[in-house]
Every structure is written in C-alpha cells, then in structure tokens.
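Enquirer: Sequence first, predicted coordinates after that:
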Amino acid sequence: MTDGNRSAFVTGANRGLGLEICRQLGVKGYKIFLGCRDIRKGQEALSKLTALGVADVTAIQLDATDSGSIAMALEAIGDAVKCLDVLVNNAGTFEEEWGTMPSALTVKEMRDTFDANFFGPFEIIREFFPLMLKSPAPRIVNISSDMGSLGNINNRESIVYGVMGPAYQSSKVAINALTTLFAKEVIDTNFKVNSASPGWCRTDMGTDDAPLSVAEGASTAVMLATLPDDGPTGEFFSSTRNGEGMEW
Ligand SMILES: NC(=O)c1ccc[n+]([C@@H]2O[C@H](COP(=O)([O-])OP(=O)(O)OC[C@H]3O[C@@H](n4cnc5c(N)ncnc54)[C@H](OP(=O)(O)O)[C@@H]3O)[C@@H](O)[C@H]2O)c1
C-alpha cells in the first residue's frame, strides 16, 4: 500500500498527540484533516504543520460531544475526498482529579468523560463509516490508554496499578470494546480497526513528568493507521511496549 493520495482525519489534533499524529502521517504524504474544537486553534496548528513540511492539511471543526459538528465535519470531508482512508479517534478528556476513588466520583464527571471519550468516538465512527467503506484499505485507530487495560488495572506489577482515574479508565475500557466490536463487523475485509495506547507521554494531559515524547506516543497510532493489508485487526497495541501488543 502506498501512502500517497491517502487521507486521514484525526480528532483533537490542534495540540498534543493528535497534532503529532497529523505530522507523522502528513510527512508520509497523507492528505490531513486536522480536527479541532476551536477553528482558530486549528488554523494555528495547521500553520505549524505547514512549517514542518506537511503539504496538505485542512482544519476541520469538530467537538466530539456535539452531533451537529460531527455532521458538519462529515459534510466538509465528504466534499473534499471520495473516500476517507484513516480515522484516528484521538480527542479525549480527563475530568476527575487524579486519585479520585470510584465511590467519590460524581455522576457528572462520569457522564462528561463518556460523552467525549466514548459516545463521541462511537458517533464519529458511525457517521464516517459509509465514507470509509469506499476506501480500498480503511483503518480506524481508537486512542485508548494503558489505564484502559483491564489486565493492568488490577495487576500489582503494572505501572497502571498505582494510578486511579475511574471515569477516564472506564471510558478507555469502553472504547476498547468499540474497537473489538467494529473490527468484528468488518472482519474478513480489508477494513482494520485497532486500539492504540500512546503510553504516558509529555502533553498537557500527560504533563512534563511523563517518560515518553509525543513522537514516541504517536508512533503506535501511526503504525496502526498505516497497516499493510496483512496487518492485525481488533487488537490493542501500546507505545509503552514499543508498539507491541497490550492485554485488554
Ligand atoms: N498524554 C498521555 O500520557 C496519554 C496517555 C494515554 C492516552 N492518552 C490519550 O491520547 C489522546 C490525546 O491526549 P493528549 O495527551 O494529546 O491530550 P491533550 O494535550 O490534553 O489534548 C487533548 C486534545 O483533545 C481535544 N479535545 C478534548 N475534548 C474534546 C472534545 N469534546 N471534542 C473535540 N476535541 C476535544 C483537545 O482540544 P482543545 O485544545 O480544544 O481542548 C485537544 O486537542 C487522548 O485520547 C488521551 O486520553 C494520552
């Protein structure tokens, strides 16, 4: 599969990992649709990518919690390309204080987190599915987290064991479920749906204390966005493991 002439839509891409995923795909020749809640911030991010040598970028307004903006983003992208090859559901939020125990979490924190991290990605996949089915090699990458690995949450040996963010973690477990279910819907086709964990990396969300750079964090998502036709589907990979498999 050659990367030229392929298109990619990355949500929440005006900063952090989303911006870096756009950069890495852009330098491979992808036509980039850079998702942003605030179009002004999206245009600033677009200028940064252009300065870094990405030739073809369009900023697309999208708030993952707003059905109207999802519909308008689909219309704008559908007017620009015959098919969408790659969708990276990257936009995400961490609402609660670190260390909040599940019994102390408010229902609002849980709902707000699920609106952005689960219902948004679900609606985006659902709405963009027909445009992606027109691609000869569609790839969906859902950005999850090591903290969404059920196998790690209760594993005392895991780095994840010492952290607590129950709304965030539940939403990332849930998006992993979407990955397996959508992958199953298109199994035995060339449409691949996988989850990527960036690991803990240095962004506004990850803070400067994180061990991984944004480039390292973004690399697993980019690997999955550019999978060859014999690549995996319905699986979970992490930058913590240098892009190798992560237990669900
Ligand atoms: N950094 C880490 O260590 C780490 C680890 C594991 C997983 N992740 C995941 O990686 C993804 C990117 O995280 P990051 O570290 O790059 O975070 P970040 O620096 O906080 O950036 C988050 C991005 O998501 C956007 N966003 C938030 N809510 C949105 C919504 N409702 N609709 C559309 N866009 C929205 C933000 O837009 P605004 O600029 O408008 O706020 C921003 O562009 C997230 O899904 C996160 O959970 C990060």
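Expert: The structure has been received and is ready for your questions. Numbers count the residues shown, from 1 in each chain.
Enquirer: Please count neighbours and contacts with C-alpha atoms only from this point.
Expert: Fine.
Enquirer: show me where this structure has strands.
Expert: Using DSSP state E, the strands of the chain run over residues 7-10, 31-36, 57-61, 86-89, 139-143, 192-197, 236-238, 244-245.
Enquirer: CSV please, covering those and showing distance to Ala225 and mean pLDDT.
Expert: Supplementary listing: the strands of the chain in CSV, determined by distance: least, C-alpha to C-alpha, whole Å; pLDDT from 0 to 100:
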stretch, distance to Ala225, mean pLDDT
strand 7-10, 8, 98
strand 31-36, 12, 98
strand 57-61, 17, 98
strand 86-89, 6, 98
strand 139-143, 6, 98
strand 192-197, 9, 98
strand 236-238, 12, 98
strand 244-245, 15, 95
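Enquirer: got a markdown table for those strands, with distance to Thr179 too?
Expert: As requested, these are exported to a markdown table (distance: least, C-alpha to C-alpha, whole Å):
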| stretch | distance to Thr179 |
| --- | --- |
| strand 7-10 | 16 |
| strand 31-36 | 20 |
| strand 57-61 | 24 |
| strand 86-89 | 11 |
| strand 139-143 | 7 |
| strand 192-197 | 6 |
| strand 236-238 | 9 |
| strand 244-245 | 14 |
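Enquirer: ranking those by burial, who's on top?
Expert: Scoring these by mean neighbour count under mean count of other C-alpha atoms under 10 Å gives strand 192-197 as the most buried, with a mean of 30.
Enquirer: near the ligand, which residues of this structure?
Expert: Where proximity means C-alpha under 6 Å from any ligand atom, the interface of the chain facing the ligand comprises 12-18, 36-38, 62-65, 90-93, 116, 143-145, 197-206.
Enquirer: Who are the contact partners of the residue nearest the centre of the chain?
Expert: A centroid search over the chain (C-alpha atoms, centre = their mean) returns Asn90, at 2.6 Å, as the residue closest to the centre. With contact taken as C-alpha atoms under 8 Å, 6 or more residues apart in numbering, Asn90 is in contact with 10-13, 17-18, 142-143.
Enquirer: and the closest residue to Asn176 other than its chain neighbours, what does it touch?
Expert: Once its chain neighbours are removed from consideration, Asn176 has its nearest residue in Ser195; the separation is 6.3 Å (C-alpha to C-alpha, 6 or more residues apart in numbering). For Ser195, the contacting residues are 141-144, 176, 179, 234-237, by C-alpha under 8 Å, 6+ apart.
Enquirer: the longest helix in this protein is where?
Expert: Longest helix of the chain, by residue count under DSSP state H: helix 166-185.
Enquirer: and Gly68, how many residues sit next to it?
Expert: Applying other C-alpha atoms under 10 Å, we find 12 residues neighbouring Gly68.
Enquirer: I'd like the distance between it and the ligand.
Expert: Taking C-alpha to the nearest ligand atom, to the nearest Å as the measure, Gly68 and the ligand are separated by 12 Å.
Enquirer: Restrict stretch 65-82 to CA atoms and write it as CSV.
Expert: As requested, C-alpha coordinates have been extracted for stretch 65-82 and formatted as CSV (Å, rounded to 0.1, in the frame of the first residue of the first chain):
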residue,chain,number,x,y,z
THR,A,65,-19.8,15.9,22.2
ASP,A,66,-21.7,17.8,19.5
SER,A,67,-23.7,15.8,16.9
GLY,A,68,-24.2,18.8,14.7
SER,A,69,-20.4,19.5,14.5
ILE,A,70,-19.8,15.8,13.7
ALA,A,71,-22.4,16.0,10.8
MET,A,72,-20.8,19.2,9.5
ALA,A,73,-17.3,17.7,9.7
LEU,A,74,-18.5,14.7,7.7
GLU,A,75,-20.0,17.0,5.1
ALA,A,76,-16.8,19.1,4.8
ILE,A,77,-14.6,16.0,4.4
GLY,A,78,-17.1,14.2,2.1
ASP,A,79,-17.0,17.3,-0.2
ALA,A,80,-13.2,17.1,-0.3
VAL,A,81,-12.5,13.4,-0.9
LYS,A,82,-14.2,10.4,-2.5
